[in-house]
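Participant: my questions are about this predicted structure, shown below with the sequence.
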Amino acid sequence: MAIIMLKKVALLALAATSASAFAFSPKAANVGSMAKTFNGVVPPVSQQFAKSSSATSLALSSTGGAAAVAEEPSSGSLKETLEVGSYFALWYLFNIGYNIYNKQALNALAFPWTIATIQMITGIFYFVPLWLTGLRKAPKLSFDDLKTLLPIAICHTGVHVGAVVALGAGAVSFAHIVKASEPVVTCGANALLLGEVLPLKVYATLLPIIGGVAIASMKELSFTYLALAAAMLSNVSSSLRGVLSKKTMSGKQIGENLDAQNLYAVLTAISALILIPLTLAVEGTGFFPAFKAAVATGSFTNKSLSTLLALSGASYYLYNEVAFKALGKVNPVTHAVGNTIKRVVIIVASVVAFKTPMSTGSIIGSSIAIAGTLLYSLAMNASKK
């Protein structure tokens, strides 16, 4: 079992790192010619919703639901290994693409709420055609079902908006360093709202996360309080999303055909409806003259800037879609290791792509924090046995 896991992790790490960040390097006027390959991630749950409702609530938590539903494939065949490696490589690639396309869009247009809304709406153009053509069974939800999902969708909105604002206010690498502290918030939320007390060894793993993020924040060359606050808003929203999922969905069947992919699609649609009025209230319609001004500078054309926004939205939705398949194929330990490697790959790719300097203290702090998140995931998995 350990050999199979190591083969898969090695393969996904190799595939991810070979997907060069230069494929997404910022070339504003040439966005239209970029490769058209399009996250605090919603792992898969069983399609029999009543049987796996507890797993569904875990799927919306920060630690993910793969631990509850995924088993390591018994076969060690090369085909299985290549399949899992391909899923992980695409997950990493789309995630890297999202972070870089998103940062490019934010550099061109300082309207994070509007960009976050466009990204949410873009997902609708992906899953609605699948429902209409019958390629994916459309969910059937009652009004009561929608009321149950609304608080979760509100938190889902906070996760995305917080992340986009953080990525716009500071370096991509710094946003992901702060996002690594999400387990700390999750433990606090579970203790306060669910009365969940974890083993001491789990809480002990939070110390390197807290210390690492603190060190990285103090030494971060691109530090801003807005980036820190927005990333923490994303963390809190993600933790509350997991808590609400456990409280409202555990042991309860909601609608029909609401598997993990459709659940994520429904939350995306509700979040888009929430974001439209909020965005107009916060940023108004200033995005449109800013779009014209960006084109007028000659750095972009209408087509290239529109393509950039579309790529950021498509990559955002698709990295979650691919993550369903990737995380459903592995056991919790492989999941934890893979998720840790993913964060490292994104930070390195963003530093290379945007030539963002990182101080020695920031590198040390981020390494400690990311190692802490891995230890936390492994300790949480051990505590459930």
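Facilitator: Ah, there it is. Numbering: from 1, shown residues only.
Participant: which regions of the stretch 51-200 of the chain lie under the pLDDT threshold?
Facilitator: By pLDDT under 70, the weakly predicted segments of the stretch 51-200 of the chain are 51-76.
Participant: roughly how far apart are the residue lying closest to residue 146 once chain neighbours are set aside and residue 152?
Facilitator: Taking C-beta to C-beta, 6 or more residues apart in numbering as the measure, residue 146 lies nearest to residue 270, with 7.5 Å between them; neighbours along the chain are not counted. The way it works is simple: take the backbone N, C-alpha and C, and place the C-beta from them, glycine included. According to C-beta to C-beta, to the nearest Å, residue 270 and residue 152 sit 9 Å apart.
Participant: neighbour count for those two, which is higher?
Facilitator: residue 152 (25 against 19; other C-beta atoms under 10 Å).
Participant: what residues does the more buried one make contact with?
Facilitator: 60, 241, 244, 245, 248, 249, 267 (C-beta atoms under 8 Å, 6 or more residues apart in numbering).
Participant: again, 10 Å this time
Facilitator: Applying C-beta atoms under 10 Å, 6 or more residues apart in numbering, one finds that residue 152 lies in contact with 57, 60, 240-245, 247-249, 263, 266-267, 270-271.
Participant: any idea which helix or strand carries it?
Facilitator: Residue 152 is part of helix 143-169 when elements are defined by DSSP states H and E.
Participant: whatever helix or strand comes next after that helix to helix 143-169, inter-axis angle?
Facilitator: The element immediately downstream of helix 143-169 (helix or strand, assigned by DSSP H and E) is helix 172-179. Here helix 172-179 runs at 130 degrees with respect to helix 143-169, directions being taken by axes from the mean of the first three to the mean of the last three C-alpha atoms, to 10 degrees.
Participant: elements contacting helix 172-179?
Facilitator: With contacts defined as 3 or more C-beta pairs under 10 Å, 6 or more residues apart in numbering; DSSP states H and E, helix 172-179 has these neighbours: helix 78-108, helix 143-169, helix 206-219, helix 225-249, helix 332-354, helix 360-383.
Participant: of the ones you listed, which is nearest residue 312?
Facilitator: Closest to residue 312 of the helices and strands packed on helix 172-179, according to C-beta to C-beta: helix 78-108, at 4.0 Å.
Participant: if you count contacts, what does that closest one end up packed against?
Facilitator: helix 2-18, helix 112-133, helix 143-169, helix 172-179, helix 287-296, helix 302-327, helix 332-354.
Participant: deepest of the ones you listed, which one?
Facilitator: Most buried of these by mean neighbour count (mean count of other C-beta atoms under 10 Å) is helix 172-179; its value is a mean of 26.
Participant: how far does the helix holding residue 152 sit from its chain's centre?
Facilitator: With C-alpha atoms, centre = their mean, to the nearest Å as the basis, helix 143-169 stands 12 Å off its chain's centre.
Participant: what do you get for stretch 152-172?
Facilitator: Distance of stretch 152-172 from its chain centroid, counting by C-alpha atoms, centre = their mean, is 10 Å.
Participant: now swap in stretch 121-133 and tell me
Facilitator: Mean C-alpha position of stretch 121-133 versus that of the full chain (C-alpha atoms, centre = their mean) differs by 20 Å.
Participant: please apply the same query to stretch 348-356.
Facilitator: Relative to where its chain is centred, stretch 348-356 has its mean C-alpha point 19 Å off (C-alpha atoms, centre = their mean).
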